[in-house]
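[1] test case, fold it:
(one chain, ligands or ions: 1)
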Amino acid sequence: MQKNPIIAGNWKMYKTINETLDFLKILSTSLNNQRADVYIAPSFTSLHAAKKAVKGSKIKIGAQNMHYESEGAFTGEISFKMLKEIDVDFVILGHSERRVVFKEDDCLINKKVLTALNSNLKTILCIGESEKQREDKMTNEVLEEMLTKNLLNVSKHQMENIIIAYEPIWAIGTGKTATSEIAECAHLHIRKVLTKLYNKDVANNTYILYGGSVKPNNIEKLLQEHNIDGALIGGASLKVDSFLEIINKS
Ligand code: 13P
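    This next block holds a predicted model:
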């Protein structure tokens, strides 16, 4: 790792507004001069209160998804306009749970990425292979295809607002963390693809986070790798103690 790490919590469908505020109160008073930049993506209903609660701290608040249109007849969806109104700092797009459970395809994710970037919203783009694809030795191909399709028409300049999260599906919520060597190998490949799609500078400057069963006991080893710039954390970000321990070890 060469850059200041980003430690991001993806809270998925957990925590009410009150639970969010309780967590943020403890977290913001516990942060002082830690190296890591801290990102949290709570539920949509908690976003507004969370943004207000972290004012003046270094915690960034983001959404876990959004629609690509600014408004329209899309029951149940949230637009970038709504997110911008409450001044969220980032949005997570293409999480494997969106791809697998909600059938979002590369073309839809690309539309969302372009909308987010065109409205100056920092985007954490998640990519990662399934267990079967890894067993079939397709990991590199899958990652290249996802990057190529999801970043279609994204300019070099817009890449400044892209953070990639490598999240192998087989490691999410399973307790099976990719070894730091496996993760490093995938991150290196992602940088090679970014070099091919853009150039070396873009590839080197883009943050690449690892996600998948990151815990206080494996964060240090992961961050020792040259191409791992931080982590996107599910389960271990829900308890303030374990999240803080991860931040403190980063
Ligand atoms: P876990 O840390 O629970 O494996 O989840 C990872 C993840 O999906 C973060 O987006």
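
[2] can you name the residue of the chain nearest the ligand?
    residue 234 (2.3 Å; C-beta to the nearest ligand atom). No exception for glycine: its C-beta is placed from N, CA and C like everyone else's.

[3] the residue nearest the centre of the chain: what secondary structure?
    Taking C-alpha atoms, centre = their mean, the centroid of the chain lies closest to residue 124, which sits 4.1 Å from it. Following DSSP: H, G, I helix; E, B strand; the rest coil, residue 124 is assigned to strand.

[4] what is it paired to in the beta sheet?
    residue 92, residue 163 (DSSP bridges).

[5] quick one: contacts for it?
    Under the criterion of C-beta atoms under 8 Å, 6 or more residues apart in numbering, the neighbours of residue 124 are 8, 39, 62, 90, 91, 92, 93, 163, 164, 165, 209, 232.

[6] what of residue 244?
    For residue 244, counting by C-beta under 8 Å, 6+ apart, the contacting residues are 27, 30.

[7] give me the element it is part of.
    Per DSSP states H and E, residue 244 falls inside helix 240-248.

[8] and this protein, which of its residues are near the ligand?
    The chain comes close to the ligand at residues 10, 95, 167, 172-173, 211-214, 232-236, as judged by C-beta under 6 Å from any ligand atom.

[9] next, format the residues you listed as JSON lines and append distance to residue 26.
    Shown next, in JSON lines, are the residues of the chain next to the ligand (distance: C-beta to C-beta, whole Å):
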{"residue": "10", "distance to residue 26": "19"}
{"residue": "95", "distance to residue 26": "26"}
{"residue": "167", "distance to residue 26": "26"}
{"residue": "172", "distance to residue 26": "26"}
{"residue": "173", "distance to residue 26": "24"}
{"residue": "211", "distance to residue 26": "23"}
{"residue": "212", "distance to residue 26": "26"}
{"residue": "213", "distance to residue 26": "23"}
{"residue": "214", "distance to residue 26": "20"}
{"residue": "232", "distance to residue 26": "21"}
{"residue": "233", "distance to residue 26": "17"}
{"residue": "234", "distance to residue 26": "19"}
{"residue": "235", "distance to residue 26": "18"}
{"residue": "236", "distance to residue 26": "15"}
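
[10] re the thing from before, with neighbour count, distance to residue 138 and pLDDT added, can I get the contacts of residue 124 in TSV?
    Shown next, in TSV, are the contacts of residue 124 (neighbours: other C-beta atoms under 10 Å; distance: C-beta to C-beta, whole Å; pLDDT from 0 to 100):
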residue	neighbour count	distance to residue 138	pLDDT
8	27	27	98
39	25	30	98
62	25	30	98
90	22	29	98
91	24	28	98
92	23	24	98
93	28	22	98
163	22	24	98
164	28	18	98
165	26	19	98
209	25	22	98
232	27	22	98
